[in-house]
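Novice: all I have is the shape, not the residue letters:
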């Protein structure tokens, strides 16, 4: 079951097959993808991401929302979670925005609503935010949302043939927000 969410300025809606062009626009944009985990070079490749969104929702291992600006009805970005582990009551969050919506407080507005939904409706206790070293904007956002830095996973992944380090942040349902 999918739950739409709402904030003062944004709707968080289910990603539909007809959103593939929007997803491709974001996940092929060189300004959006430097710190994001996936990118696509062609529209056709983006079908893989669309299938991912449906699969994790169907399997109840995650969910992603399309962020839509109420005033213009324009899609601004995506937020969501994946890697949900029922036994351990934990998941990892992720998000991205089109550059035209940067520095407008979008994520500071929508993520608390999403996080509240995950803690109450999904019964998640621990949320993780795994951020590539150098993504200072996401680190600041995580800290503003109450996430705590737990440490660095040194050279834990290879991206574009280069070893990268990841910062591990967490937020517990019992943490003050």
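Specialist: Thanks, I have the structure now. Note that the structure is predicted; figures quoted are calculated from it, not measured. Numbers count the residues shown, from 1 in each chain.
Novice: next, the buried residues of the strand or helix carrying residue 79.
Specialist: Assessed by DSSP states H and E, residue 79 sits inside strand 75-85. Counting neighbours by 16 or more other Cβ atoms under 10 Å, one finds that the buried residues in strand 75-85 are 75-82, 84. All C-beta spots, glycine's among them, are computed from the backbone N, C-alpha and C.
Novice: burial count for residue 22?
Specialist: 20 (other Cβ atoms under 10 Å).
Novice: if I look at it, how far off is residue 98?
Specialist: Using Cβ to Cβ, to the nearest Å, one obtains 9 Å as the distance from residue 22 to residue 98.
Novice: what is in contact with the two at once?
Specialist: residue 75 (Cβ atoms under 8 Å, 6 or more residues apart in numbering).
Novice: thinking again about what came up before, what's the strand holding residue 79 in contact with?
Specialist: The list of residues contacting strand 75-85 from outside it, by Cβ under 8 Å, 6+ apart, reads 10, 12, 15, 19, 22-23, 26, 53, 56, 60-69, 90-98, 100-101, 106-107, 110-111, 114, 118, 122, 124, 127.
Novice: strands paired with it, and their directions?
Specialist: With DSSP bridges as the test, strand 75-85 is paired with strand 63-69 (antiparallel), strand 90-97 (antiparallel).
Novice: just name the most buried of the ones you listed.
Specialist: Highest mean neighbour count of these: strand 63-69, a mean of 23 (counted as mean count of other Cβ atoms under 10 Å).
Novice: so where do the strands sit in the protein?
Specialist: For the chain, applying DSSP state E gives strands covering 5-6, 10-14, 63-69, 75-85, 90-97, 126-132, 148-159, 162-172.
Novice: ok, now which ones touch residue 13?
Specialist: Contacts here follow Cβ under 8 Å, 6+ apart; on that basis residue 13 touches 4, 65-66, 68.
Novice: same thing but at 6 Å, please
Specialist: Residue 13 makes contacts with 4, 66, 68, as judged by Cβ atoms under 6 Å, 6 or more residues apart in numbering.
Novice: now, among those residues, which is nearest to residue 41?
Specialist: Each of the contacts of residue 13 was scored against residue 41 by Cβ to Cβ, and residue 66 proved nearest at 21.7 Å.
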